[in-house]
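Enquirer: Compute the structure for the input listed below.
(2 chains)
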Amino acid sequence: AQKITQTQPGMFVQEKEAVTLDCTYDTSDQSYGLFWYKQPSSGEMIFLIYQGSYDEQNATEGRYSLNFQKARKSANLVISASQLGDSAMYFCATVFGNEKLTFGTGTRLTIIP
Amino acid sequence: DSGVTQTPKHLITATGQRVTLRCSPRSGDLSVYWYQQSLDQGLQFLIQYYNGEERAKGNILERFSAQQFPDLHSELNLSSLELGDSALYFCASRPGPFGELFFGEGSRLTVL
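Expert: Numbering: from 1, shown residues only, chains lettered A, B, ... in the order given. The predicted model follows:
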């Protein structure tokens, strides 16, 4: 069965430090997409970054980058120079061949001043 | 602003009642998805529509139903409500079957 796993329920990081949020997945599909979403306390889901399975370069969007290691089936999110506003829940999500987005259980990130 | 509009934003009702949640996707988006997020839980996929047709079904209870209308807006109907149905219900849309999913702000349902 296809599966996505986030093993860090919560993380505390000092402001201005970089942080890596882990995400692993399990699939036999060759074509798939990987997403990261941010959910602040207000509740909305904010798209951060996308990586396609055939993309050779790691995706980057401003302070966000996706460390894609296909052989290890991992798609970790790296946030550089963390800010207080980065405190939120972060969800890794995938689409494997079929069309629906499957979400991991999330990581609650807290940035400490 | 993602362009996806959900109404109502908040809804409080009693057990046994029925409610309808409405979603207007981004202009031109044909795919609409519904997700349920219970307290401190991840997002559970409920159902997907593509251009008016049901495309995929997830963990949607029989008490729940949905449809997508010709103008592409969608409604999620929840009936015989139970306390455990209290959750944040998200609608999301995308232009086609793949790519980024754009989320609405959610409808927060509280069942008392």
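Enquirer: Report the contact partners of the residue of chain A found nearest chain B.
Expert: Nearest residue of chain A to chain B: A:Met45, at 3.8 Å (Cβ to the nearest Cβ). Placement of C-beta: from N, CA and C, glycine included. Applying Cβ atoms under 8 Å, 6 or more residues apart in numbering or on different chains, we find A:Met45 in contact with A:37-39, A:91, B:43, B:90, B:92, B:103, B:106.
Enquirer: Just the ones of those residues in strands?
Expert: Mapping the contacts of A:Met45 onto strands (DSSP state E) picks out A:37-39, A:91, B:90, B:92, B:103.
Enquirer: Just give me the closest of those residues to A:Leu84.
Expert: Among the ones in strands among the contacts of A:Met45, A:Lys38 lies closest to A:Leu84 (Cβ to Cβ), at 13.7 Å.
Enquirer: What about A:Tyr64, how many residues nearby?
Expert: 16 (other Cβ atoms under 10 Å in any protein chain shown).
Enquirer: Test my guess that it contacts A:Phe47.
Expert: No: taking contacts as Cβ atoms under 8 Å, A:Tyr64 lies outside contact range of A:Phe47: 10.4 Å.
Enquirer: closest point of chain B to chain A, which residue?
Expert: Counting by Cβ to the nearest Cβ, chain B gets nearest to chain A through B:Phe103 (3.8 Å).
Enquirer: Most neighbours among the ones in strands among the contacts of A:Met45, which one?
Expert: Counting neighbours by other Cβ under 10 Å, B:Ala92 comes out on top of the ones in strands among the contacts of A:Met45 with 28 neighbours.
Enquirer: that older thread, what touches both of A:Tyr64 and A:Phe47?
Expert: Taking Cβ under 8 Å, 6+ apart as the contact rule, A:Tyr64 and A:Phe47 both touch A:Trp36.
Enquirer: Fine by me, thanks again.
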